[in-house]
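Peer 1: Sharing a model prediction with you, sequence too.
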Amino acid sequence: MSLFHEMTKKPWLVDPVGAEGVQEVGAFFLPHGKVGLRVFLVVVTVIFTLMTIAYADRMLFANWLPMPEPWVLWLNTALLIVSGIAMQVARNGAQQDNISGVRDGLVWAGVLTVAFLTGQLYVWQQMVDLGYYANTNTANAFFYLLTAIHGLHMAGGLVAWWRSFSRMWRGASVTDIRLSVELCTTYWHYLLLIWLVLFALLLLS
Amino acid sequence: MSNGMLEETQVVPLAEIEEVDLYHAHHWITKYVFSQDAKIIAIQYSATAILIGLVGLVLSWLMRLQLGFPEVFDFIDAESYYQYVTMHGMIMVIYLLTALFLGGFGNYLIPLMVGARDMVFPYMNMLSYWVYLIAVLVLTASFFVPGGASGAGWTLYPPQAISEGTPGIDGGIILMLVSLVLFIIGFTMGGLNYVVTVLQARARGMTLMRMPLTVWGIFVATILALLAFPALFVAGVMMLLDRVLGTSFFMPEMIVQGEMTSHENGSPLLFQHLFWFFGHPEVYIVALPAFGVVSDIISTHARKNIFGYRMMVWAIVAIGGLSFIVWAHHMYVSGMNPYFGFFFATTTLIIAVPTALKMYNWVLTLWKGNIHLTIPMLFCVAFILTFLNGGITGLFLGNVIVDIPLSDTMFVVAHFHMVMGIAPVLVIFAAIYHWFPKMSGRMLHEGWGQFHFWITFLGSYLIYFPMHYLGFIGVPRRYFEIGETSFIPPSAATLNEFITVVVLIVGFAQVVFIANIIISIFKGKPAGDNPWNATSLEWQTATTPPGHGNFGDELPVVYRWAYAYSVPGVEADFVPQNMPPDEVKRTDTATGAVADDPPELHQ
Amino acid sequence: MVLAIVLVLIAVGSVIFHFWSPWWFTPIASNWGSMDDAINITFAITGVAYVAIILFMAYCIYKYRYREDRRADYEPENSKLEWWLTWVTAAGVVGLLTPGLIAWNEFVTVPEDATEFEVVGSQWEWKYRLPGKDGKLGTSSIKLISDDNPFGLNPKDPNSKDDILIEGEDLHLPLNKPIKMLLRSVDVLHDFYVPQFRAKMDLVPGMVTFFWLTTTRTGTFDILCAELCGVGHHAMRGQVVVDDTAAFQKWLGGQKSFATLYPKGAAGTQQAAESDAEIKTVLTANNQNNEEGK
């Protein structure tokens, strides 16, 4: 309960800790980027949680016709998992000052993520061809909604990925891009986790 | 932040504390237009918010003209009236109040008050403003599309928000939803900045409990907004799909103009839950920064420390937390399970306790103070009274059984205008009169300020206090015209005329205020660095207005809290937060002998 | 000084306005006097707090106005005072909440012997349905609505045939009888609002919502819509007449049933195209939503 302890201090009294009443502050010993990303992931979590709650609530109403789960979704899931592994490779490379590891990891992660997004679009195409339009049943609508919001987050991740990638391409040192590679990796893992939860939700209902 | 960590901090060499990478602009475009300096962004945010707020103000005049003098103005028909209602509400709540408190005051005050050079992600901060501007432009565009702006009421309840019989279902509602989604994206970029800056970029010595309450208020409000806006985001996107793709998230089957719609089994109540899960915290997103600002201004101008600082911080945090479990008190008559009423009435009334404590502490700060009745102080006193009034009527509406007869009447309109319309706006005025000297280096004109204050304060009380009683009679809200009824006496129409006249007077008094700002920027009395003799860091900058990087060559070091006013044994009646203890001039040398441990700063 | 006087005037003026202004509740016509009582209790408790805080503030502003020779007190906090204020406020809140929740419990508990009346809202008119001799309302579904069956009643439900339909006329209610108002909308949200009854509730498409009341005096009252429902919202009016038992029975005797008014709809012939199965799902859906409303 350190925060609790901090918040019960009487600030008008001289704090015995700092020699002149001066202390270093900064709530977390982390770079700003990492703190910012964590806060952002909380926001992302709220978005997906609320959609999941809406999904669960809406399922209770009549005429809920579940969608089929095309096998391509399994393939896409595999692609996303491997891209997460590639990101991890890039991250390990960044921490060990191994520029070739970073390069291989980043290239593969990017390619696989683009493949994942293409695969998701392919699934949409397949669904539309089979007549599962968004307006025919709310189960379909939720499928499109959840995959679209997740896909947009992935696409946003690709923008960040592109920034690290292009800097590396132009010859930036590992130290320069270490933080952004680490941030990308965290983001990729988190979105993978969200995808797994969403996929499970779609499979189970 | 455990004890252990605090000890650890002493051995961390200064170099390892991350400095913000300051962006140095070299061209006037990057300096003043696409600027990454939080102070410029703050001014851009404020100017945009005030401009769109003036549009909202004009809309309110049009509404009041219709209510006060029905059938006099031919250009106002039912359709345009409901469009005014909708756009007025949305503009004021989101695009004025939220943007101004967080984007405007947050950007200007957070870095200065915590002793940082700038926000931690300046580039994202700049994007935040430009996305906000686009959101405002998209919203404004909705006035000009075929069918006009949405007339669904600011709550945008489905099904009527997107079905026949409501104005603006073609372009208006689509642009409105797109604009909201953009606003949320833009806000999130800014919000990450505010939170991380407060957490990570405070000056040495600025512990959490030494932060001015303004920072606490904006900080907690930003966290609320980051957690609450996603609900509006999700609801907005889903409704957009319902409208554009014909999905049925919120749209049940219904018969519109004799035709069965293609929607099936959607849940209008789901939207209401999502909307108010955002909508109630939104009240506190506006109120908490106002609470903070009022605390600081009262303390400064009463030359007395804020009474019960710790209780004030805890109350802000408690109110913030509780605000997420009260949302359904907006839905007592919505047809939801009536047993929810027990829970939500209880939580809602519990939230009154920390709010009342803040009220008491403001008044107790005045008690035994040495009160300068400056313009900012006048507005703060007006805020206390107005917010007290609005808070009390909140106790009426939060108590489920009392809400039933009063909900959807003019009582509700009067209540929320008092509590989150007038009260926060009075704080905005207080804040502008208080910080304008820092932003421009010049004082606002005192006489015009008095004029502006008295008209605004008394006028708004005369508008909204009697309006509650229209609600008691049973006059419903959102009525284009009351028409013939058996229960509304003719005197109610007279009251409506009176209210309209006062609205116009108060509205035009704001012109004086705007003129005062514009003229004072060029001709105001020079203010000096610290015209109010305030303690917090923004008044201790090297230059006024603060330059790039805020604090000159060296960041300030903080030795004490922001409320060292009238400390016994100290000569001046204020001790700036960054004044080293050995520079503090004492009146009593005998007790001030030990420089390291100034006893006068003990209780 | 001026500010202190103005604050006192506002406090005193507000109280005077409260007691002497001509604007107050319309005389009540239902059993929900507890709502008026709750409002009066709230006024008493909060009014005292309101006036006390304003007067204390006015006193402080006058007494502690700026003087060059004075210095403000230095008192960071006073735990004892703050706790005391917390408990007083909490006591006030309990005082507001207790009668409120007791009355709410009554509001959500519909008496067993309440007669069901149905209100159907559409843009921008009210229609009503009363149970026939069997005392029961038949099931309904929005999907069954047609020119021959404007209420969407289920022709296969024996209870629906004798349901009494009121269109384009005033609703009549019996005096001193508990009544459960079932509320149904065929398009957007509406809200059945009679100021003299105090109680009101939204009509939500896809659900059947409800509230209950006992009428306490005869008379004719306005029905208004209290939930924004489009451009005609303000014009969505109706009237309700509360009759004593004899007058009510007489009026009821003159009304016509579903089978009489819409023989084709009641026979169910227009559903020939639709399969029984489909109608069945529709009705189940409707009943499910019914449950949710309850």
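Peer 2: Arrived safely. Please read these numbers as outputs of a predicted model, since none were measured by experiment.
Peer 1: Averaging pLDDT per element, find the lowest-scoring helix or strand in chain A.
Peer 2: Among the secondary structure pieces of chain A, namely its helices and strands, helix A:2-7 has the lowest mean (mean pLDDT, DSSP states H and E), a mean of 80.
Peer 1: Alpha carbons of stretch B:513-530, as CSV, please.
Peer 2: The C-alpha atoms that make up stretch B:513-530 are tabulated as CSV, following Å, rounded to 0.1, in the frame of the first residue of the first chain:
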residue,chain,number,x,y,z
PHE,B,513,-15.8,39.7,-21.2
ILE,B,514,-14.5,38.8,-24.6
ALA,B,515,-13.8,42.5,-25.3
ASN,B,516,-12.0,42.8,-22.0
ILE,B,517,-9.7,39.9,-23.0
ILE,B,518,-8.9,41.2,-26.4
ILE,B,519,-8.3,44.8,-25.2
SER,B,520,-6.3,43.7,-22.2
ILE,B,521,-3.9,41.6,-24.3
PHE,B,522,-2.7,44.8,-25.8
LYS,B,523,-3.6,47.6,-23.3
GLY,B,524,-3.9,45.9,-19.9
LYS,B,525,-2.0,47.0,-16.9
PRO,B,526,1.3,45.2,-16.7
ALA,B,527,1.0,42.4,-14.2
GLY,B,528,4.5,41.5,-13.1
ASP,B,529,5.5,37.9,-12.5
ASN,B,530,3.3,37.2,-9.5
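Peer 1: Tell me which stretches of chain C form helices.
Peer 2: Counting by DSSP state H, one finds helices in chain C at the ranges C:2-20, C:33-63, C:79-108, C:245-253, C:258-261, C:263-267, C:276-293.
Peer 1: Throw the ones you listed into CSV and include mean neighbour count, thanks.
Peer 2: Backbone N, C-alpha and C define where each C-beta goes, glycine included. Shown next, in CSV, are the helices of chain C (neighbours: other Cβ atoms under 10 Å in any protein chain shown):
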stretch, mean neighbour count
helix C:2-20, 15
helix C:33-63, 18
helix C:79-108, 16
helix C:245-253, 12
helix C:258-261, 18
helix C:263-267, 16
helix C:276-293, 16
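Peer 1: So is stretch B:337-351 next to chain C?
Peer 2: Yes - Stretch B:337-351 reaches chain C (Cβ under 8 Å from any Cβ of the partner chain) through B:337, B:338, B:339, B:341, B:342, B:345, B:346, B:349, B:350.
Peer 1: Tell me if I'm right that the fourth one and residue B:398 touch.
Peer 2: The one in question is residue B:341. No - here residue B:341 lies out of contact with residue B:398, judged by Cβ atoms under 8 Å, at a distance of 10.7 Å.
Peer 1: OK, contacts around residue B:539?
Peer 2: Counting by Cβ atoms under 8 Å, 6 or more residues apart in numbering or on different chains, residue B:539 makes contact with B:438, B:529, B:530, B:532, B:576.
Peer 1: Filter those residues down to the buried ones.
Peer 2: The neighbour count (16 or more other Cβ atoms under 10 Å in any protein chain shown) marks B:438, B:530, B:532, B:576 as buried among those.
Peer 1: State the pLDDT value of the third one.
Peer 2: In the predicted model, residue B:532 carries a pLDDT score of 96.
Peer 1: and the gap between the closest residue to it other than its chain neighbours and residue B:127?
Peer 2: Setting aside the residues directly before and after it, residue B:532 is nearest to residue B:300 in space (Cβ to Cβ, 6 or more residues apart in numbering or on different chains), at 5.3 Å. Residue B:300 sits 34 Å away from residue B:127, going by Cβ to Cβ, to the nearest Å.
Peer 1: what's the answer for residue B:267, then?
Peer 2: 35 Å.
Peer 1: Could you do residue C:180 as well?
Peer 2: For residue C:180 relative to residue B:127 (Cβ to Cβ), the value is 56 Å.
Peer 1: same deal with residue B:161?
Peer 2: Taking Cβ to Cβ as the criterion, residue B:161 is separated from residue B:127 by 30 Å.
Peer 1: Compare these two and say which is more crowded by neighbours.
Peer 2: For residue B:161 versus residue B:127, neighbours defined as other Cβ atoms under 10 Å in any protein chain shown are more numerous around residue B:161 (30 against 18).
Peer 1: Past the least confident helix or strand of chain A, which element shows up next along the chain?
Peer 2: Note on helix A:2-7: by DSSP states H and E, the next helix or strand toward the C-terminus is helix A:32-59.
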